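Predicted model follows, preceded by the sequence.
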Amino acid sequence: MNRKMKNLLWLSLILLFTSCAAPKEVLYFQDVVSLKEEVVDKGYEAKIHKDDLLAIMVNSKDPELALPFNMPVVTFQIGSQYSGQQRLLGYLVDQNGDIDFPILGKLHVEGLTRMQLTELIKRKLVDEDLIKDPIVTVQFLNYKISVLGEVARPGSFEISGDRITLLEALGMAGDLTIYGRRDRIAVIRENDGKRQILYHDLRDSDIFQSPCYYLQQNDIVYVEPNRARSGQSRVNSNNSVGVWMSGVSVLTSVAALLINVFK
């Protein structure tokens, strides 16, 4: 085998291994078996935490009976600009996990789901003979998550419901860029005064069993940059002659190889 053929063979092998390795770095759920069924946690519900802002509405066949239990709707302005927007005032969960509810007084709500709090208020209204037919609804007013790092649209996102997955959050942020590490997605969560950071590998189906697969209020998702992005950062920050000369040298070597192959 002459020299030209050897160079051509080496170049072909490099291109082959490069093209085969790339999908392994970016494909999600590589170990998922087709048609395999997994049990979905349909019973998951977000729980109430300290600093949550809750909208609680009480209704009855007799509106006057429910009136004392409902927060007013206020019109507010942003800065010096009168927006005319209306917003329902909410109940802030204090550091003891309580809210101060009209007439019923202090209610411990931390750790409850929306439905559990709904049933608690309904029961108390009936037991204390305040309303015989209460209809209670509870909603989160400040349910948001943040997605940072190597995604197309980083930022904070308001969640209308109380159930969102890690994958849905990444989708809201426009998915990972080509520079994001699929094997190191961090979820930063604070509970009971403690901060927890859990890393996830999107290439592995074990992500579905993660305690952070369903996100909670104020969770932060962070996508780390890969080596290519980190290398760009170093080049941009250093911007040294040595770095650029090394790059030119590599490009020159590659060009020479290609010329020899096809000469």
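Everything's here; your move.

Within the helices and strands, which one has residue 121?
According to DSSP states H and E, residue 121 maps onto helix 114-127.

Enumerate the positions of that helix that are buried.
Using 16 or more other Cβ atoms under 10 Å as the test for burial, helix 114-127 gives 114, 117, 118, 120, 121, 122, 124, 125. Just so you know, the C-beta spots here come from the backbone N, C-alpha and C atoms, and that holds for glycine as well.

Tell me the one among those nearest to residue 157.
residue 114 (19.5 Å; Cβ to Cβ).

residues contacting the closest one?
45, 46, 48, 138, 139, 140, 162 (Cβ atoms under 8 Å, 6 or more residues apart in numbering).

Report the buried members of those.
46, 48, 138, 139, 140, 162.

any chance of these in a markdown table, plus distance to residue 100 and pLDDT?
Converted to a markdown table, the buried ones among the contacts of residue 114 look like this (distance: Cβ to Cβ, whole Å; pLDDT from 0 to 100):
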| residue | distance to residue 100 | pLDDT |
| --- | --- | --- |
| 46 | 22 | 87 |
| 48 | 15 | 93 |
| 138 | 15 | 94 |
| 139 | 18 | 91 |
| 140 | 18 | 92 |
| 162 | 22 | 80 |
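
Sort out for me which of those are in helices.
Using DSSP state H, no member of these falls in helices.

ok so, going back, would you put the C-alpha positions of the helix holding residue 121 in PDB?
The C-alpha trace of helix 114-127 is given here as PDB (Å, rounded to 0.1, in the frame of the first residue of the first chain):
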ATOM      1  CA  ARG A 114     -53.700  21.800  46.700                       C
ATOM      2  CA  MET A 115     -56.400  19.200  47.000                       C
ATOM      3  CA  GLN A 116     -55.600  18.500  50.600                       C
ATOM      4  CA  LEU A 117     -55.700  22.100  51.500                       C
ATOM      5  CA  THR A 118     -59.000  22.400  49.600                       C
ATOM      6  CA  GLU A 119     -60.500  19.600  51.700                       C
ATOM      7  CA  LEU A 120     -59.100  21.000  54.900                       C
ATOM      8  CA  ILE A 121     -60.800  24.400  54.400                       C
ATOM      9  CA  LYS A 122     -64.100  22.900  53.300                       C
ATOM     10  CA  ARG A 123     -64.200  20.700  56.400                       C
ATOM     11  CA  LYS A 124     -63.500  23.500  58.700                       C
ATOM     12  CA  LEU A 125     -66.100  25.800  57.100                       C
ATOM     13  CA  VAL A 126     -68.700  23.000  57.500                       C
ATOM     14  CA  ASP A 127     -67.700  21.900  61.000                       C
END
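
coming back round to it: taking the contacts of residue 114 one by one, which sit in strands?
Judged by DSSP state E, strands contain the following of the contacts of residue 114: 138, 139, 140.

How many residues are close by residue 132?
Residue 132: 11 surrounding residues under other Cβ atoms under 10 Å.

got a list of what it touches?
Residues near residue 132 by Cβ under 8 Å, 6+ apart: 60, 126.

Poorly predicted segments of the stretch 151-263 of the chain, please.
The stretch 151-263 of the chain contains residues with pLDDT under 70 at 230-263.
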